[in-house]
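1. return atomic coordinates for the entry below.
(one chain, ligands or ions: 1)
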Amino acid sequence: MYKTGSMLSSCFLVFLSVSPVIGYVCEKTAQICETSLDIEHYLTMSSHDSLAVYPQKGKLYKYDVTNTSNADPVPKENIITGDGWEMRRLLVVANQSLPGPDIIVYEGQTVIIHVKNHLHSDTVTIHWHGLHQSGTPFMDGVPFVSQCPIESGQTFTYKFKAYPPGTFWYHSHVGSQRVDGLLGAFVVRKNEPDPLPEHILQIQDWNHDWDGNMGYQLMVYGIIENKTKYIPSQSLDGSFYSLFKAQSGLINGRGRFYFDLERGIHNEAPLEVFNVKQNTSYRFRVINVGALFPFRVSVDNHMLSVIESDGYPIRPTLAESFVINPGERFDFVINANQSVGNYWIRGKTLEVTPRNTIAEAILRYDDAPDVEPTTARKVCTEQDKCVVINCPFTYFPKDEFTECIRFDHLRSSASNDPAPPVVDGKFKEYFLNFAFPGVTSFPSSVNGIALEFPTVSGVSQPQQVTNACKNFHCDEQKQCKCTNALSLDHGDTVQMVFLNMGVGRGWAHPVHMHGHSFYVLKMGYAVYNETTGKFLAQNPDIDCRGGVPLEKSFCNTATWANQTWLNGNVPDLELQNPPRKDTLIIPSGGYAVIRIRADNPGLWIMHCHIELHAADGMAMLLNESFDNLPKTPKHFPTCGDYKIEEEEEDAYVDSEVDIEETISMQRFYVIVGVMAAVIFLQLLVIIGMHFSSKRSSSSKADITGKTNPSFNNYYKRTLG
Ligand SMILES: [Cu+2]
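-> As a prediction, this is how the structure comes out:
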């Protein structure tokens, strides 16, 4: 059914050395890389052969095995374990695996991926997170923005250029379907000689009971368990996490459920193992594919040299650990310079109360025994402090002897990639507040506006987009729900100030922009207590306005407190070596100044990458260079609402009359026909009687009438 043949022969499928997933690696010299993703429902802790399995001592056994000492374990490669919870959970996955197959291609190749929706009842789309889709905005995989959703049974073929090089991933962009497991790594390798050997590490929070839709409903209506309301946990700085309840953490789809984290009692589910050779350096490509929680990632006994984020290089920075938020990627290098053995790879959320969640995997040196590590995490002391990259706040509590290198402290290592400059008449600045402003209700929004998605493919059916915000009265202290789009003119330098301020702050948001990797010029953080690290006040650089005191302001129409900072005159902008990102954490009470050059015509969504916030409306569209939109491919699918308008209703009623008339005419003809038939039969009877009276004097041949002109004439007169 798919065009495989010569295309696929230029590529090959491999078992990646560490991953249980069959991945796709395109041959370096190929121009076209073609593969497919089959989207299906699937269950954790089961396979077609074993039906259901349970974990014990890092192995899996078929459900009916009662004595594991004389039974063969079930190979874990074919089983999505999640956290090993035996009650199976419904997933939506690609190619029956979690994460889905790694897709690895080289810079500049043309990628063709056939996505077939085998789900019985849900639509899908696949977004290629971090790829710019220059010239192909209709391949960005966002339902009702870049395409119509792929319906059950349909196949949609994505085709785009692999650019830029770096660590990316793919995931569903439909509702909160990503939480159900439809995700995987997408790596664009550089065409460079002798790259380091590499591993892909996908980390995520995990709830073994709920699918994405259930999680969303519980966010809206509250999580009540055992007649007790679930209280969101808090970060070190006092900001809150949302209502996705993580029971466990996974690395490459594997984790274990801790019955008692303090005492280390868990369900013995198998973990992911990364194999390394002693005295060799490895590149780890780390992706947070989770729903909500940031993870602090470390490797026991090994320092990490962080070299890249979101596909763009940063000056190598040594650290004990780094923090990675949903949607972000960090690449680090480690040198396997310790004694041969097993070492814990740890991911830990930044929750302080009332719980925290850990993800674990094993770094195993060649020739080390197949046992679990017994290593311990680095102890941070006054003399030997731990350094953490990408803190979403400024200080750890003083007694933790841990120092932050925030993202705004990092610099690009690219030699010639300065920020787009301010050009007279071609510079625009926007203040965008990602928050939950409100008095009685607190919708996820940007500047108080929750995004209402179009009901058509926005990029290819732009004239049919209704509910544009210009038809609504959105304002300083109001909430709105509409199709919120910011129009960007071609070639402009666009400076955006992402905020997390006003009455709706209190939760940090990882903001993701499609179609671009923006330049991070400056970040402003909240004011904190330097000893405890706790939040004191929001950053004073921003004037939230709104005509009300700050503690009541929705911060929907913010500006610089110092008006001389307008027109690109913000002090201390890093213009020469700004690092680039497509996903950046905006801490509660803080801001980030970013720039893009509007050189990629398209309709791009920009949203919080916390799944439930995005699904609830914390998103907006960038309508970039509308006049220069690339032409959509021939026969590109269209979709939309169907509503009966007033005139059409009349037409519908008229057509009903027509139908009735048609029916009555048909009845008339039937009645006439029946009457004619009756008359004809009566005539036949009369003629029959006439002929039978003559039969004695004429031949049999006359019965046909052929030789009897009087019969023929009579016949003609009657029915002619
Ligand atoms: Cu958010």
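2. only C-alpha atoms for contact and neighbour calcs from this point on.
-> OK.
3. how about the helices in the protein?
-> 5-9, 212-221, 611-615, 646-694, 709-719 (DSSP state H).
4. what sits against the residue nearest to Gln234 when sequence neighbours are not counted?
-> Setting aside the residues directly before and after it, Gln234 is nearest to Phe240 in space (C-alpha to C-alpha, 6 or more residues apart in numbering), at 4.4 Å. For Phe240, the contact set (C-alpha atoms under 8 Å, 6 or more residues apart in numbering) comprises Pro232, Ser233, Gln234, Gly506, Trp507, Ala508.
5. what about Phe240, distance to Glu328?
-> 19 Å (C-alpha to C-alpha, to the nearest Å).
6. so what are the sheet partners of the longest strand seen in the chain and their directions?
-> Ranked by residue count and defined by DSSP state E, the top strand of the chain is strand 32-43. According to DSSP bridges, strand 32-43 forms sheet pairs with strand 90-94 (antiparallel), strand 110-117 (parallel).
7. per-domain residue ranges of this protein.
-> Domains of the chain are assigned by automatic domain parsing as 1-40+90-195, 46-79, 198-390, 428-628, 646-719.
8. could those be laid out in JSON lines, adding mean pLDDT and distance to Arg411?
-> Putting the domains of the chain into JSON lines (pLDDT from 0 to 100; distance: least, C-alpha to C-alpha, whole Å) gives the following:
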{"stretch": "domain 1-40+90-195", "mean pLDDT": "88", "distance to Arg411": "17"}
{"stretch": "domain 46-79", "mean pLDDT": "93", "distance to Arg411": "40"}
{"stretch": "domain 198-390", "mean pLDDT": "95", "distance to Arg411": "6"}
{"stretch": "domain 428-628", "mean pLDDT": "95", "distance to Arg411": "5"}
{"stretch": "domain 646-719", "mean pLDDT": "52", "distance to Arg411": "60"}
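9. TSV for those domains, including distance to His409?
-> Shown next, in TSV, are the domains of the chain (distance: least, C-alpha to C-alpha, whole Å):
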stretch	distance to His409
domain 1-40+90-195	21
domain 46-79	41
domain 198-390	9
domain 428-628	9
domain 646-719	60
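10. the ion is nearest to which of the ones you listed?
-> Distance to the ion, taken as C-alpha to the ion, is lowest for domain 428-628 among the domains of the chain, at 4.0 Å.
11. distance from the chain centre to the closest one, please.
-> Offset of domain 428-628 from its chain centre (C-alpha atoms, centre = their mean, to the nearest Å): 19 Å.
12. then stretch 229-244?
-> Counting by C-alpha atoms, centre = their mean, stretch 229-244 comes out at 23 Å from the chain centroid.
13. now do the end-to-end distance for stretch 56-66.
-> The first-to-last residue distance of stretch 56-66 comes to 12 Å (C-alpha to C-alpha).
14. cool, and stretch 451-468?
-> This stretch, stretch 451-468, spans 10 Å end to end (C-alpha to C-alpha).
15. and this structure, which residues reach the ion?
-> His509, Cys608, Ile610, His613 (C-alpha under 5 Å from the ion).
16. change it to 8 Å
-> 434-435, 444, 507-511, 608-614, 618 (C-alpha under 8 Å from the ion).
17. of those - the most surrounded one?
-> Phe434 (34 neighbours; other C-alpha atoms under 10 Å).
18. still on that earlier bit, with distance to Gly153 and mean neighbour count added, can I get the strands paired with strand 32-43 in CSV?
-> Below are these laid out as CSV (distance: least, C-alpha to C-alpha, whole Å; neighbours: other C-alpha atoms under 10 Å):
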stretch, distance to Gly153, mean neighbour count
strand 90-94, 14, 24
strand 110-117, 5, 20
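19. kindly export stretch 301-319 (C-alpha atoms) in CSV.
-> Extracted in CSV, the C-alpha atoms of stretch 301-319 (Å, rounded to 0.1, in the frame of the first residue of the first chain):
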residue,chain,number,x,y,z
ASN,A,301,29.6,9.5,40.0
HIS,A,302,29.6,11.3,36.6
MET,A,303,29.7,15.0,35.8
LEU,A,304,27.6,16.2,32.8
SER,A,305,28.8,18.5,30.2
VAL,A,306,25.7,20.2,28.8
ILE,A,307,26.3,21.1,25.1
GLU,A,308,23.0,21.8,23.4
SER,A,309,19.4,22.6,24.0
ASP,A,310,16.5,22.3,21.6
GLY,A,311,18.9,21.7,18.7
TYR,A,312,21.1,24.7,19.3
PRO,A,313,24.6,24.7,20.7
ILE,A,314,25.5,26.3,24.0
ARG,A,315,28.9,26.8,25.4
PRO,A,316,29.7,23.5,27.2
THR,A,317,28.9,23.8,30.8
LEU,A,318,29.7,21.3,33.5
ALA,A,319,27.1,20.4,36.1
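20. show residues contacting it.
-> By C-alpha under 8 Å, 6+ apart, the residues outside stretch 301-319 that reach it are 130, 164-168, 298, 320-321, 328-336, 338, 343, 375, 377-378, 386-389, 410-414, 579-583.
21. just the buried ones from these?
-> In terms of neighbour count (16 or more other C-alpha atoms under 10 Å), the buried residues within those are 130, 164-168, 298, 320-321, 328-336, 343, 378, 386-389, 410-413, 579-583.
22. neighbours of Cys639, how many?
-> 14.
23. what's near enough to touch it?
-> Counted by C-alpha under 8 Å, 6+ apart, Cys639 has contacts Cys148, Thr455, Val456, Ser457.
24. show me the strands in the stretch 151-300 of the chain, by range?
-> Under the criterion DSSP state E, counting those that start in this stretch, strands of the stretch 151-300 of the chain are mapped to 155-161, 166-172, 183-189, 198-206, 224-225, 228-229, 234-235, 248-251, 258-260, 265-266, 273-276, 281-288, 295-299.
25. so which of those is the most surrounded?
-> Ranked by mean neighbour count under mean count of other C-alpha atoms under 10 Å, these are led by strand 248-251, which reaches a mean of 28.
26. what packs against that one?
-> The helices and strands touching strand 248-251, judged by 3 or more C-alpha pairs under 8 Å, 6 or more residues apart in numbering; DSSP states H and E, are strand 198-206, strand 358-365.
27. show residues contacting the last one.
-> Under the criterion C-alpha under 8 Å, 6+ apart, residues 203-205, 248-251, 255, 271-278, 299, 336, 340-349, 372-373 lie in contact with strand 358-365.
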